[in-house]
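1. give me the fold of what follows.
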Amino acid sequence: MNIKYFVKTVEKKKDHLSIKWNDNFKSKFHFLWLRDNCPTAIHPTANMRVFNILTVSKRIFPKKYTIENNKLNIDWSEGKHSSKFDLKWLRDHCYTEINREKYSSPYVLWNGKLKNNFNKIKLDHDKIINNDKYLKKWLELLHSYGFAIVKNSPIKRKSCFKILNRISHHRETFFGTPFEVVNIPKPNNTAYTAQALRNHTDLPYFEYAPGYQFLHCLINDATGGKSSVVDGFAVANHLMKKELEAFKILTSTHVKFKDTDYTQKAIRILHSPIITLTKDNDFNDIRFSMAAMGAIDINPKKMKEFYDAYQLFASLLHNNKFKINFRLNAGDIFCFNNRRVLHGRTEFDPNSGNRHLQGYYVERDEIIARLNYFNNIKV
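-> Sure, this is the predicted structure:
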């Protein structure tokens, strides 16, 4: 076992135990944290916490503590309770050390140059179905690049369920699953027309917008109808580095998104920034859809600067420096992180042939959770 898992000294302080490890690193373990994380606090099969923090007081402390057989043993001042902590577990969960680690983003940011190496994000359908190695590779591409194209899939309707079930269950919306991306006479969404679609993310008016989208091409022999894709995180990163004031406005201004679909007895309204960040100041969400924007109702003193920033962001999202145009062929599945990657299409001529895609959603949580499983992440 690594020397860092052995203990040199343990000292009791006012509200924590101070442990000095063999590599001379010092950890703080607060009394309540230790009691809350006693191995007996976790159900042996459900792996859920069964300990009730309200059964002890904030004055709890170790009456006695010893190191024996690679374990920290504690007799507590309350409840006649004893704990036995594995030293390796303690060091691996040392929040002193964890909070000193430099955050590393999992995202590979890309721009239009990726078109020159498009094979990097392509995978074969049957290999994903039959081999966990390729399933993992698919998930890694989806998580790091935010999109991938699955080739050679069946072109039978609803056949995409088979490959999506290799990940997890799908996300249902009022559009149904799958939703049919075809030209229809009285559309309830501009996706169901032959018109060009500006780059956008889907359903930004939901509090929790769908995480990943999968567009399965069944047929595409109409003139036009090229797909477009752009990395919203890369464009946001460009703003952060080159246009900081615009970036600050788009991450701090709550704007209105709305949906008044005539087929629904519902009016959906959500206020959110266009760009949101995580606790590590990494990119979390991009919500962008000119079609789904409501009438902006921010403070008039901020209106001009907001529109300046909004228009700048929109122009970059449609700039050839960042976007990629490509043609979906029958049997392709266009897979992308809907809360990062924007998609669109050029206009097509419905009289020249057919263009039929079937769409599905899967939550981002499911992609990450499945990838965590393959990577055997310890928690």
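2. how far away is the nearest residue to H43 once chain neighbours are set aside from Y208?
-> Across the structure, with C-beta to C-beta, 6 or more residues apart in numbering as the measure, the residue nearest H43 apart from its sequence neighbours is V50 (5.1 Å). The C-beta positions use only the backbone N, C-alpha and C, and glycine is treated the same way. Taking C-beta to C-beta, to the nearest Å as the measure, V50 falls 29 Å from Y208.
3. more neighbours: which of the two?
-> Y208 (13 against 10; other C-beta atoms under 10 Å).
4. so the more buried one is in which element?
-> For Y208, there is no host helix or strand (DSSP states H and E).
5. which neighbouring elements make contact with the helix ranked longest in the chain?
-> Ranked by residue count and defined by DSSP state H, the top helix of the chain is helix 300-317. For helix 300-317, the elements it packs on are helix 232-242, helix 244-252, judged by 3 or more C-beta pairs under 8 Å, 6 or more residues apart in numbering; DSSP states H and E.
6. out of the ones you listed, which one sits most buried?
-> Among the helices and strands packed on helix 300-317, the stretch with the highest mean neighbour count (mean count of other C-beta atoms under 10 Å) is helix 232-242, at a mean of 20.
7. could you check the angle it makes with helix 300-317?
-> For helix 232-242 and helix 300-317, the angle between their directions (axes from the mean of the first three to the mean of the last three C-alpha atoms, to 10 degrees) works out to 120 degrees.
8. contact partners of helix 232-242?
-> When contacts are taken as C-beta atoms under 8 Å, 6 or more residues apart in numbering, the neighbours of helix 232-242 outside the stretch itself are 107, 109-111, 146, 201, 246-247, 250, 275, 283, 286, 288, 312-313, 316-317, 322, 340-342.
9. then stretch 154-162?
-> When contacts are defined by C-beta under 8 Å, 6+ apart, stretch 154-162 is touched by residues 125, 129, 153, 170, 178, 214, 216-219, 330-331, 333, 358, 360.
10. 7 Å instead?
-> Counting by C-beta atoms under 7 Å, 6 or more residues apart in numbering, stretch 154-162 makes contact with I129, S153, P178, F214, H216, L218, A330, G331, I333, Q358, Y360, all of which sit outside it.
11. show me those that map onto strands.
-> Among the contacts of stretch 154-162, the subset assigned to strands under DSSP state E consists of F214, H216, L218, I333, Q358, Y360.
12. so what's the fourth one bridging to?
-> Residues in a beta bridge with I333, per DSSP bridges, are V150, H216.
13. isn't it right next to V150, touching?
-> Yes - I333 lies in contact with V150 (C-beta atoms under 7 Å); the separation is 4.0 Å.
14. what stretches of the stretch 51-200 of the chain score poorly on pLDDT?
-> Across the stretch 51-200 of the chain, residues meeting the criterion (pLDDT under 70) sit at 185.
15. for the nearest residue to K13 once chain neighbours are set aside, which residues are in contact?
-> Setting aside the residues directly before and after it, K13 is nearest to K28 in space (C-beta to C-beta, 6+ apart), at 7.9 Å. Counting by C-beta under 7 Å, 6+ apart, K28 touches H16, S18, T96.
16. ok, now with 8 Å
-> K13, H16, L17, S18, Y95, T96.
17. okay, the helix or strand harbouring it in PDB with CA atoms only?
-> Under the criterion DSSP H and E, the helix or strand holding K28 is strand 26-30. As requested, C-alpha coordinates have been extracted for strand 26-30 and formatted as PDB (Å, rounded to 0.1, in the frame of the first residue of the first chain):
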ATOM      1  CA  LYS A  26      -1.900  17.100   7.000                       C
ATOM      2  CA  SER A  27      -5.600  16.500   7.000                       C
ATOM      3  CA  LYS A  28      -8.500  18.000   9.000                       C
ATOM      4  CA  PHE A  29     -11.400  15.700   9.800                       C
ATOM      5  CA  HIS A  30     -14.200  17.600  11.700                       C
END
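18. list the neighbouring strands of that strand plus their orientation.
-> For strand 26-30, the pairing partners within the sheet under DSSP bridges are strand 16-21 (antiparallel).
19. in the partner strand, which residues are buried?
-> For strand 16-21, the buried set under the neighbour-count rule, 16 or more other C-beta atoms under 10 Å, comprises H16, L17, I19, W21.
20. now, which of those residues sits nearest K120?
-> W21 (41.7 Å; C-beta to C-beta).
21. what pairs with the closest one across the strands?
-> Legend: beta-bridge partners of W21 under DSSP bridges are V7.
22. what is the burial count for the residue lying closest to L357 once chain neighbours are set aside?
-> In space, and not counting its chain neighbours, L357 is closest to V181: 3.9 Å by C-beta to C-beta, 6+ apart. Using other C-beta under 10 Å, V181 has 21 neighbouring residues.
23. ok, now D92?
-> Based on other C-beta under 10 Å, the number of other residues close to D92 is 13.
24. in this structure it contacts K378, no?
-> Yes - with contact defined as C-beta atoms under 8 Å, D92 counts as touching K378 (6.8 Å).
25. how much space between A46 and V229?
-> If you go by C-beta to C-beta, the gap between A46 and V229 works out to 41 Å.
26. who has more neighbours, these two?
-> In terms of neighbours (other C-beta under 10 Å), V229 is the more surrounded of A46 and V229; the figures are 24 against 8.
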